[in-house]
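Novice: give me the fold of what follows.
(2 chains)
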Amino acid sequence: MSIHSPPIDVQRGTRASRVALWISLAVLLGAASLPWWAPEESAPAWMREFVEIACYFIFAMMWNLLAGYGGMVSIGQQAYFGLGGYAMLMLGNLAGVNPFVAIPIAAIAAAAVAVPVSWVAFRLQGGYFAIGTWVIAEVFRLSFANMPIVGGGSGTSLTALRGIERSTRENLTYGLAVACTVAAIGLVYLFLRSKRGLALLAIRDNEMAAESQGVAVLRMKLAVYVVAAFGAGLAGALYFVGNLRISPNAAFNVNWTAFAIFMVVIGGIGRIEGPIVGALIFWALNKFFSDYGTWYLLGLGLLAIVVTINFKQGLWGWVQERWGLSLFPTRRHLHIKE
Amino acid sequence: MLVQGILLGGLYSLFALGLSLMFGVMRLTNTAQGDFIVLGGFAAIAGVATFGLQPALSALLLLPIAFGAGYAMQRFVLNGTLGKDPLPSLVVTFGLSIVIQNGLLETFSADPRSLDTGGLNIQSVSIGGLSLGVLPLLIFAIAVLCTAGLQALFARTALGRAFRAVSDDREIAELMGLKAGHIYALATAIAFVLIAIAGVLQAMRTTVSPSDGPLLLLFAFEAVIIGGMGSFWGTFVGAMVLGLTQQIGFRVDPGWGLWAGHLMFLALLVVRPQGLFPKTRG
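Specialist: Numbering: from 1, shown residues only, chains lettered A, B, ... in the order given. Predicted coordinates:
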């Protein structure tokens, strides 16, 4: 007598995910070639808009990784956004590095700073971690506000780009923004599909059970925290290359994290599609309602509250529940062939 | 200057008590704490400006309103966000913070305002050769009273026992006949009264403006952590330490006062993460 086990295989892709891959490639191709096909007069404005929304999106993607997968809800990710911006600016203005080259270096610098910062931040858990990270971001803001070499509280301009022609600068910034967006999605997607990603999901579902199965919880959390800081620094450096002017209040503004929370919560936390959907909604709302100023922000706050209470899974979570659609599948499905 | 720091700490402890109470009873981090304080200040000012009330009467009337608002807020909004995952409550209170800030901005404009104290804020008394403001002394006395009252409420009354019971184990407490939803709502109601007191006193001592909230939240939070979670006297002392550090920092260089406070907090977090006077662990 032998135990007969049915042949099984583990499915990781779906038809929707394969279609989505092709669609994303098509969109990417369209986006990357924008400078060639867009009408001459509107291309610069479109590109600027894309760069801005790309920064918001990358930042939100990283917040999603940190909070949705790592379970670390932070209100202080603007620390790394600002740090990325300032590191890029200082490399460019003071050290003479080409600002475009400085972008990835600045992101690495933000990640490097995140390691010692985590020793302090990880002393707190849950809600107190959230506010503790905010205090840390404030410390960075006040520190840069007291540094005369970068203009103190009123900030300074990115003078290192002066010699470069405007259209070249804009095209390059745009190209980098497209590349960074793809890289951010790819990085998070591959990270989550890897063995480490599986460990991360295990931690999210039950930290103690994961630990008892041999997952190094603390090391994993640190890895996520550092990767998220890298991404936030990347977004910050990119944003201020596009913006050309930096000030502590703009760079370390808590609104960066507020908007990221909004996008992720509306789109659906803990899923890659979430920030994508959220960023699109945010972009649309921003385009049509941002003229209303305070009322617009008030509405965003209310929307976030209502969605959190009534649609805990966000918009994409609802879609996924209803149609089982997953464009960037990170789960493993056991399929039994019989 | 040291006395000034301690008196400033008195105000900070009032900022912090509500936060400490809500976290202690239901593990809820109210990220809108500072904005509710500012809202309390503006509500008292509006009572004076709109209804022509005496400032003291306006402030007193505010307390029952705050109690009711806190109860309703917890019962109908925040109770739905509680659970093992801290995310929903954080997002909701953070959303509230944005709503309050922008609502106040729309109603009162960005100008800082203060509550008329009838000259109380410039009077001073001389104690042992030191000239101290009457208002800061009054604030300090109120802070001591509130801390003592809250501690006594927790230690001696049936309600305090109920707070501790739902905090320790909600399910068992419910089996014993406590209605956790109601108890939580009462905790938030009391926290909101404390918040209203803090807001009124802040508006009397200096000014309030719609964007002040986050900074007040950070002060309150630092006081709670420095003091150690779960002990109201700890929070009180934590607020003193924070007030003193800021005063010394401001004296050394006005640009670095807040920075010194934050840094002291972070340093203490590394050296003594359980706070100065930890009562409960976990």
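
Novice: can you pull out the low-pLDDT segments for chain A?
Specialist: Within chain A, the stretches with pLDDT under 70 are A:1-8, A:10-13, A:325, A:329-338.

Novice: would you mind listing what in it touches chain B?
Specialist: With CB under 8 Å from any CB of the partner chain as the criterion, chain A comes near chain B at residues A:67, A:71, A:73, A:75, A:119-120, A:123-124, A:126-128, A:130-132, A:134-136, A:138-139, A:142-143, A:145-146, A:254, A:258, A:261, A:265, A:269, A:294-295, A:297-298, A:300-302, A:304-305, A:308-309, A:312. Using the backbone N, CA and C atoms, a C-beta is placed for each residue, glycine as well.

Novice: and if we set it to 7 Å?
Specialist: A:67, A:73, A:75, A:119-120, A:123, A:126-128, A:130-131, A:134-136, A:138-139, A:142-143, A:146, A:254, A:258, A:261, A:265, A:294-295, A:297-298, A:300-302, A:304-305, A:308-309, A:312 (CB under 7 Å from any CB of the partner chain).

Novice: what subset of the residues you listed is buried?
Specialist: Buried by 16 or more other CB atoms under 10 Å in any protein chain shown: A:67, A:73, A:75, A:120, A:123, A:126-128, A:130-131, A:134-136, A:138-139, A:142-143, A:254, A:258, A:261, A:265, A:294, A:297-298, A:300-301, A:304-305, A:308-309, A:312, out of the residues of chain A next to chain B.

Novice: tell me the secondary structure of residue B:178, please.
Specialist: coil (DSSP: H, G, I helix; E, B strand; the rest coil).

Novice: quick one, what contacts it?
Specialist: Residue B:178 makes contact with B:162, B:165, B:166, according to CB atoms under 7 Å, 6 or more residues apart in numbering or on different chains.

Novice: considering these, which possesses the most neighbours?
Specialist: residue B:166 (23 neighbours; other CB atoms under 10 Å in any protein chain shown).

Novice: mind saving the C-alpha coords of the helix or strand encompassing it as CSV?
Specialist: Per DSSP states H and E: residue B:166 is located in helix B:158-168. Only the C-alpha atoms of helix B:158-168 are listed here, as CSV (Å, rounded to 0.1, in the frame of the first residue of the first chain):
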residue,chain,number,x,y,z
ALA,B,158,-15.5,51.8,40.0
LEU,B,159,-15.0,53.6,36.7
GLY,B,160,-11.3,53.5,37.2
ARG,B,161,-11.5,49.7,37.9
ALA,B,162,-13.5,49.3,34.7
PHE,B,163,-10.9,51.3,32.7
ARG,B,164,-8.2,49.1,34.0
ALA,B,165,-10.2,45.9,33.4
VAL,B,166,-11.0,46.7,29.7
SER,B,167,-7.4,47.7,29.3
ASP,B,168,-6.0,44.5,30.7
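
Novice: can you give the contact residues for that helix?
Specialist: Applying CB under 7 Å, 6+ apart, the set of residues contacting helix B:158-168 is B:24, B:25, B:153, B:154, B:173, B:178, B:180, B:183, B:184, B:186, B:187.

Novice: try it again at 6 Å.
Specialist: With contact meaning CB atoms under 6 Å, 6 or more residues apart in numbering or on different chains, helix B:158-168 is reached by B:25, B:153, B:154, B:173, B:178, B:180, B:183, B:187.

Novice: got it, and stretch B:101-111?
Specialist: A:294, A:297, A:298, B:35, B:42, B:210.

Novice: if we use 7 Å, what do you get?
Specialist: Residues contacting stretch B:101-111 (CB under 7 Å, 6+ apart): A:294, A:295, A:297, A:298, B:35, B:38, B:39, B:42, B:209, B:210, B:211, B:213.

Novice: just stretch A:248-261 next, same as before
Specialist: A:56, A:59-60, A:63, A:75-79, A:81-82, A:85-86, A:134, A:137, A:140-141, A:144-145, A:153, A:155, A:236, A:282, A:304, B:91, B:94, B:98, B:214.

Novice: how long is that stretch end to end?
Specialist: 21 Å (CA to CA, to the nearest Å).

Novice: so how far is it off the chain centroid?
Specialist: 13 Å (CA atoms, centre = their mean, to the nearest Å).

Novice: in it, which residues are buried?
Specialist: A:248, A:250, A:251, A:252, A:253, A:254, A:256, A:257, A:258, A:259, A:260, A:261.

Novice: which SS state does residue A:71 fall under?
Specialist: Applying three-state DSSP: residue A:71 is coil.

Novice: what sits against it?
Specialist: With CB under 7 Å, 6+ apart, residue A:71 has these contacts: A:203, A:204.

Novice: how about it, phi and psi?
Specialist: phi 70, psi 20 (degrees, to the nearest 10).

Novice: just give me the neighbour total for residue B:116.
Specialist: Count around residue B:116 with other CB under 10 Å applied: 15.

Novice: how about the residues of the stretch 1-150 of chain B by chain A?
Specialist: Checking the stretch 1-150 of chain B against chain A by CB under 7 Å from any CB, the hits are B:29, B:31, B:80-81, B:86-88, B:90-92, B:94-96, B:98-99, B:102-103, B:105-106.

Novice: so of those, which ones are in strands?
Specialist: Members of the residues of the stretch 1-150 of chain B next to chain A lying in strands (criterion: DSSP state E): none.

Novice: list only buried entries from the contacts of stretch A:248-261.
Specialist: Buried among the contacts of stretch A:248-261 by 16+ other CB under 10 Å: A:56, A:59-60, A:63, A:75-79, A:81-82, A:85-86, A:134, A:137, A:140-141, A:144-145, A:155, A:236, A:282, A:304, B:91, B:94, B:98, B:214.

Novice: where along the chain do the strands fall?
Specialist: Chain wasn't specified; assuming chain A. A:8-11, A:156-157, A:245-246, A:333-336.

Novice: chain B is the one I meant
Specialist: Counting by DSSP E, the strands of chain B are B:124-127, B:130-133.

Novice: name the residue of the stretch 51-200 of chain B that lies nearest to chain A.
Specialist: residue B:98 (3.5 Å; CB to the nearest CB).

Novice: tell me where the stretch 151-300 of chain A has helices.
Specialist: A:166-193, A:195-205, A:207-212, A:217-243, A:248-251, A:254-267, A:273-289, A:294-310 (DSSP state H, counting those that start in this stretch).

Novice: just how off-centre is stretch B:243-255 within its chain?
Specialist: So, by CA atoms, centre = their mean, the centroid of stretch B:243-255 is 22 Å from its chain's centroid.

Novice: now do stretch A:79-98
Specialist: 19 Å.

Novice: which among the contacts of helix B:158-168 count as buried?
Specialist: Buried, going by 16+ other CB under 10 Å: B:25, B:154, B:173, B:178, B:180, B:183, B:187, out of these.

Novice: wait, which of those is closest to residue B:140?
Specialist: Nearest to residue B:140, judged by CB to CB, of the buried ones among the contacts of helix B:158-168 is residue B:154 at 21.6 Å.

Novice: can you pull the contacts of the closest one?
Specialist: Residue B:154 neighbours (CB under 7 Å, 6+ apart): B:160, B:163, B:164.

Novice: a markdown table for the contacts of helix B:158-168, including distance to residue B:59 and pLDDT?
Specialist: A markdown table is the format used below for these (distance: CB to CB, whole Å; pLDDT from 0 to 100):
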| residue | distance to residue B:59 | pLDDT |
| --- | --- | --- |
| B:25 | 26 | 90 |
| B:153 | 21 | 92 |
| B:154 | 25 | 89 |
| B:173 | 35 | 88 |
| B:178 | 33 | 86 |
| B:180 | 32 | 88 |
| B:183 | 27 | 93 |
| B:187 | 22 | 94 |
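
Novice: all set now, cheers.
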